[in-house]
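>>> Show me how the following folds:
(2 chains)
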Number of protein chains: 2
Amino acid sequence: MRQAGRYLPEYRKTREKAGSFLGLCKNPDYATEVTLQPLRRFQLDASIMFSDILVIPEAMGMDLYFSEGEGPKFNNPLTNPQDSTILRTVTPETDLAFVMQTIKNLKAELPANIPLIGFSGSPWTLACYMIEGGSSKNYEKIKSWVYQSPQYLHQLLDKISTAVTDYLLAQIKSGVDTIMIFDSWGGVLSQNAFLEFSQPYIGRIFSDLSAAGYNHIPSISFTKGSGNWIKSLDQLNCSALGIDWTTDIGYARQNTNKVIQGNLDPVILSVADGDTVIQEAKKILDSYLKINHNFDKFIFNLGHGILPTANPDNVARLVDFVHEYTKR
Amino acid sequence: MRQAGRYLPEYRKTREKAGSFLGLCKNPDYATEVTLQPLRRFQLDASIMFSDILVIPEAMGMDLYFSEGEGPKFNNPLTNPQDSTILRTVTPETDLAFVMQTIKNLKAELPANIPLIGFSGSPWTLACYMIEGGSSKNYEKIKSWVYQSPQYLHQLLDKISTAVTDYLLAQIKSGVDTIMIFDSWGGVLSQNAFLEFSQPYIGRIFSDLSAAGYNHIPSISFTKGSGNWIKSLDQLNCSALGIDWTTDIGYARQNTNKVIQGNLDPVILSVADGDTVIQEAKKILDSYLKINHNFDKFIFNLGHGILPTANPDNVARLVDFVHEYTKR
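All right, here's what the predicted structure looks like:
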């Protein structure tokens, strides 16, 4: 999950220098700097590059901006099912050169024992933003494609999947050690619709990366709200599944053979004191141990992205506790 | 689930006469009228009284209002963990006389073969509104009670549970045939926290109603986002579980012995044509049949409340199709 962010004063400083959130993403020096900030404070086992999932739709021709307080928006959302034909083919090495440069910078800076995680949004999640034009309450616009124009939605998802595959391939070639796909909005679908419009496209990307010779690169898939679909996600051709905070981690362990990653409710870092943070993290670790008897195939993590209100002291205590407890 | 609403022109007319949403809830003639409207259009098997879950917190002393476009809000949210002591004890027969009168009106008007469903919000869900002051993105305020002041949150939930039990008892005495508890926000918790702060209070209400001699009144519990907790919800002392649209209904059937109710994605009624609505309803019915071989212990329903954008013609076709297909 995202490590950098507004909860760190040094991030807010760099963000101010960059002038805007997109400016921060697109300047490799700044993006490198904010990626490294959390690692200077906390004994993290891995680093995740700082970027935004919406740089891909932007490279495809969507007009992206960030409105203060409302998050990402597109000025030209796809309103017509035929609209996917207007989208450009992405050449990540040039169109997203700033990401590749950030990765190269990071690989030069990071110690050899800290792997770098690259990522992309899932095709479904990117399509949600591209069609809704921003965040959404009921996803009525994209669901009108699901239920009235599925063939056009498949064309769009196909196009996005190709772009995502190429993007992740370029990230791997630039040096990332692991890749992750964030399916933030897969969980708004019925299971039937998820199995038609989200999971297969995530699966296709992983398979295409394997076919391209990158089978050895560990891969993680995270669908928020997928707790009761774990058995179906177990079929994905990837190494690990991210689990959100609503699912008991022992239950997740019982329903997949993959590595699992999760799942502290991120709000806890904002509202609880350090002792409570540790007590809640311990519940997760103990729930895993009860099923698995050791910590094999488990990556402790948050159950979703860290919030701007998180207390950095809590993060430090959490990271130290997890190391100490899992070594014991 | 809610049957009346803005998707019906006759509802909008009555709502306008009432002047405000709360005015509509509190006038038994108007509330009776909008409850009956969907039954005049559609061959529904049951009726659910028109009201709002927040009339209970209001009767406890919370200052409720509805802001246009933003939904319900409280002017005086509980900001201090000790605040629950200021809440009043509710006498539903007098404090919520308008609900009891609506129920009496409806029982006089409804045909004998149409049961009337009464309802309440769950203690956790009511507490969310009372502490957050309205809808919320991350539930940071109430989660600060969960993780820093659990004893005060338990006191508050205890107080709300008593009020809800008394409220549902009064509804039963006024004539409702079935009761339902809506736990709209239980799904924002980790399973641990859900099992401490939401499920036990729902369970206590059902048990108290049974102990009061109303074991014969069917009872339904609905927690949105509880698909991977069905086995634990199966322990509740109630007749039926509501299932949201993200969970496969056959999977739900395999994980509880209770009657289950669900679960068409309500957005489908807004965005799809009639044939697609029927095709999606058929998927649900067939998924149930695959596990159960007949429709025993199944109540077809939406997976959440009907949207203002729903197409009434789709609702009519859905109701007719479900009747026809399940008789066949």
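>>> From here on, just use CA atoms for contacts and neighbour counts.
OK.
>>> For chain A, what lies in contact range of chain B?
A:138-141, A:143-144, A:147-148, A:187-192, A:225, A:227-228, A:245-248, A:265, A:267-268, A:270-273, A:276 (C-alpha under 8 Å from any C-alpha of the partner chain).
>>> Show me which of those residues are buried.
A:139-141, A:143-144, A:147-148, A:187-191, A:225, A:227-228, A:245-248, A:265, A:267-268, A:270-273, A:276 (16 or more other C-alpha atoms under 10 Å in any protein chain shown).
>>> Return the residues in contact with the closest residue to A:Y30 other than its chain neighbours.
Counting by C-alpha to C-alpha, 6 or more residues apart in numbering or on different chains, A:Y30 lies nearest to A:L24, which is 5.8 Å off, once chain neighbours are set aside. A:L24 is in contact with A:T14, A:R15, A:A18, A:Y30, A:A31, counting by C-alpha atoms under 8 Å, 6 or more residues apart in numbering or on different chains.
>>> longest helix anywhere in chain A?
helix A:150-174 (DSSP state H).
>>> So A:T89: helix, strand or coil?
Under the three-state scheme (DSSP: H, G, I helix; E, B strand; the rest coil), A:T89 adopts coil.
>>> which ones are touching it?
A:T89 neighbours (C-alpha under 8 Å, 6+ apart): A:M60, A:A163.
>>> can you rerun that using 10 Å?
A:A59, A:M60, A:G61, A:D95, A:K159, A:I160, A:T162, A:A163 (C-alpha atoms under 10 Å, 6 or more residues apart in numbering or on different chains).
>>> for A:Q191, same thing?
A:F197, A:S198, A:Q199, A:S226, A:N228, A:W229, A:S232, B:W245, B:T246, B:T247, B:D248, B:I249.
>>> what's the following helix or strand after the helix or strand encompassing the residue nearest to A:Y30?
Using DSSP states H and E, A:L24 maps to helix A:21-26. Going down the chain from helix A:21-26, the next helix or strand is helix A:28-41, by DSSP H and E.
>>> In this structure A:G250 contacts A:S287, no?
Yes. Contact criterion C-alpha atoms under 10 Å: A:G250 and A:S287 qualify, at 5.1 Å.
>>> Paired strands for the least confident helix or strand in chain A by mean pLDDT, with orientation please.
Every helix and strand of chain A was ranked by mean pLDDT, DSSP states H and E. The lowest is strand A:64-67, at a mean of 90. Strand A:64-67 pairs in its sheet with strand A:71-74 (antiparallel), by DSSP bridges.
>>> Give me the distance between the next helix or strand after the strand it pairs with and the centre of its chain.
From strand A:71-74 onward toward the C-terminus, using DSSP H and E, the following helix or strand is helix A:92-95. Distance, stretch centre to chain centre, for helix A:92-95: 20 Å (C-alpha atoms, centre = their mean, to the nearest Å).
>>> what's the spacing between A:W229 and A:L241?
11 Å (C-alpha to C-alpha, to the nearest Å).
>>> Of the two, which one has the most company?
A:L241 (27 against 22; other C-alpha atoms under 10 Å in any protein chain shown).
>>> what residues are up against the more buried one?
A:180-181, A:219-223, A:230, A:233-234, A:252, A:256-262, A:298-299.
>>> Quick check on it: phi, psi?
Dihedral angles of A:L241 (phi, psi; degrees, to the nearest 10) stand at phi -120, psi 130.
>>> Let me know the secondary structure of the residue in the stretch 201-328 of chain A positioned nearest to chain B.
Residue nearest to chain B within the stretch 201-328 of chain A: A:T246 (4.1 Å; C-alpha to the nearest C-alpha). Recorded secondary structure, A:T246: coil (three-state DSSP).
>>> In contact with the spatially closest residue to it that is not a sequence neighbour, which residues?
Among residues not flanking A:T246 along the chain, B:S190 sits closest, at 4.1 Å (C-alpha to C-alpha, 6+ apart). Residues in contact with B:S190 (C-alpha under 10 Å, 6+ apart) are A:D244, A:W245, A:T246, A:T247, A:D248, A:N263, A:L264, A:D265, A:G303, B:E196.
>>> Thanks again, I'm all set now.
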